[in-house]
Each structure stands twice: as structure tokens, then as C-alpha cells.
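Asker: 3D, please:
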Amino acid sequence: MKVNVIDLENIQRKNDESLNDYVSIFRLMKVRCMTMIPKHELVQMDVACLNYTIGKKIASQLFQDMFQLVETSRKIEKLNLVKEKFKNMSVILEKTKVII
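Answerer: Below is the predicted model of the structure:
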């Protein structure tokens, strides 16, 4: 199956899909693409297809390759998880204060 540039641009990361799975799918599709695309343009396409919460935080950054993009995205995902846990903990603490 041949893939064109539009197919690459239309790949979207699902909410329940891990970053590694998404990058693997993108790379497999890139290999099937017959059009030569510069690395920096591929990275820009990939940024546009990431989840909105990650994409908006890294949209203004320029990445040399996919490795930099993936590492930065992983850091943001970890920070988001820590934020969510902290938010949940504060809600639980507020509920316990009301009970006491």
C-alpha cells in the first residue's frame, strides 16, 4: 500500500494510544510514503497530529528530528500525569477536611 503526504498528515494520535505506538505507526507510514519529505517537515507534521494538550505546548518549538520531539513529548506527558495526581490528591484532602 502506497502512502502519500496527505495520509501522513491525517494520522491522529488516539487518546488511549501510547506515544510509542503512535510514533511507530507514523514511522511505518513514513517508510511507505513515496514522496521524499525533509526531516524537519516530518517533525512538524507529527507535532500537528499529537494530542492537543501536548501539541499546544510544543507547537512553537523547532525540533531537528523525531527523537527530540518524542523525548519532549514524553516529558510533557509525565508532567501532565504528575499534575493530575496532584490535583486528585488536593481534591481528596479537601474532602477529608470537610469530613473532619
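
Asker: Contacts only, for the closest residue to Thr72 other than its chain neighbours.
Answerer: With CB to CB, 6 or more residues apart in numbering as the criterion, Thr72 has its nearest non-adjacent residue at 5.8 Å, and that residue is Ile58. Bear in mind the C-beta positions are built from the backbone N, C-alpha and C, glycine included. Applying CB atoms under 8 Å, 6 or more residues apart in numbering to Ile58 gives the contacts Val47, Leu50, Leu69, Thr72, Ser73, Ile76.

Asker: Ignoring the adjacent residues along the chain, who's closest to the most centrally placed residue in the chain?
Answerer: Closest to where the C-alpha atoms of the chain average out (CA atoms, centre = their mean) is Leu50, at 4.0 Å. The shortest distance from Leu50 to any non-neighbouring residue, by CB to CB, 6+ apart, is to Arg13 (5.6 Å).

Asker: buried ones in stretch 14-23?
Answerer: Leu19, Tyr22, Val23 (16 or more other CB atoms under 10 Å).

Asker: how distant is the longest helix seen in the chain from the center of its chain?
Answerer: Counting residues, the longest helix found in the chain (DSSP state H) is helix 66-99. Distance of helix 66-99 from the chain centroid (CA atoms, centre = their mean, to the nearest Å) equals 16 Å.

Asker: same check, this time on stretch 28-42
Answerer: In terms of CA atoms, centre = their mean, the centre of stretch 28-42 is found 18 Å from the chain centre.

Asker: now the contacts of Ile58 as a markdown table including distance to Cys33 and pLDDT?
Answerer: Formatted as a markdown table, these follow (distance: CB to CB, whole Å; pLDDT from 0 to 100):
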| residue | distance to Cys33 | pLDDT |
| --- | --- | --- |
| Val47 | 17 | 73 |
| Leu50 | 19 | 73 |
| Leu69 | 18 | 82 |
| Thr72 | 24 | 86 |
| Ser73 | 21 | 84 |
| Ile76 | 27 | 85 |
